[in-house]
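Peer 1: pasted the sequence and its predicted model underneath.
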Amino acid sequence: MQSDKAPEFDLRHPITSAISVLRAVLFSPRTFYLNFKADGPVREPTVFALLVGVVAGVLGAAVALASNLLFGDFDAGDLRAALVGALLFAVLSPVGVGVTAGVFLLSIRTFVGKVSGFAEVYRMAAYAASALVFAWIPILGAFAFTYALMVLMGIGIQSVYKTSFITTVITVLAGFVPVASILVWIAINEVAL
């Protein structure tokens, strides 16, 4: 029986609760998801995903601008692109979590059974998005997405639905591949522009 409750993001205390959630998910994800209440409101996890997106977007813009300044190739277009990129990353973070949750819900229903609904998986994915606070760091950002989608979602699925290791791996891979493909497609098209 679960004795402790996983920390939840609280709109009344956004900074302290966000730090508490980040600490729990990033430093003890198994404990977090073992004590995670899958059913619950979606509003707080959505705002949490938005907050993580804002932090990652702003820091990503700062890195892009610093890189442009460092290499002497900075103009108003760079500033505009960095700000638009940060805004889009922040605003679209909850949408990305929703797409991820939808794909993982299909995978869970296929390999685990009809054990959850969209809101439960959205909550799980929103807190797994904690790893995206590192998305702004060059090269490490790609690993942050992979860690969030494979490791944290895997721990979440195994802990919440009590799946076997092999079922968890198959479920996570079936969810990861389409989402990662979408992210790669977006990255390729962004570079092509």
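Peer 2: That came through fine. Numbers count the residues shown, from 1 in each chain.

Peer 1: now do the contacts for residue 87.
Peer 2: For residue 87, the contacting residues are residue 57, by CB atoms under 8 Å, 6 or more residues apart in numbering. All C-beta spots, glycine's among them, are computed from the backbone N, C-alpha and C.

Peer 1: brain fart, residue 107
Peer 2: By CB under 8 Å, 6+ apart, the contact list for residue 107 reads 171-172, 174-175.

Peer 1: do residue 12 as well
Peer 2: Going by CB under 8 Å, 6+ apart, residue 12 touches no other residue.

Peer 1: for it, what are phi and psi?
Peer 2: Note on residue 12: its backbone torsions stand at phi -80, psi -30 [degrees, to the nearest 10].

Peer 1: of the contacts of residue 107 - the most surrounded one?
Peer 2: residue 175 (28 neighbours; other CB atoms under 10 Å).

Peer 1: spit out the contact partners of that one.
Peer 2: Applying CB under 8 Å, 6+ apart to residue 175 gives the contacts 100, 103-104, 106-108, 149, 153.

Peer 1: show the buried residues in these.
Peer 2: Neighbour-count burial (16 or more other CB atoms under 10 Å) is assigned, among the contacts of residue 175, to 100, 103-104, 107-108, 149, 153.

Peer 1: same list, these, but as a markdown table with secondary structure and pLDDT please.
Peer 2: Shown next, in a markdown table, are the buried ones among the contacts of residue 175 (DSSP: H, G, I helix; E, B strand; the rest coil; pLDDT from 0 to 100):
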| residue | secondary structure | pLDDT |
| --- | --- | --- |
| 100 | helix | 96 |
| 103 | helix | 96 |
| 104 | helix | 97 |
| 107 | helix | 96 |
| 108 | helix | 96 |
| 149 | helix | 93 |
| 153 | helix | 96 |
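
Peer 1: follow-up on the earlier one: between the contacts of residue 175, which is nearest residue 28?
Peer 2: The closest of those to residue 28 turns out to be residue 153 (CB to CB; 16.1 Å).
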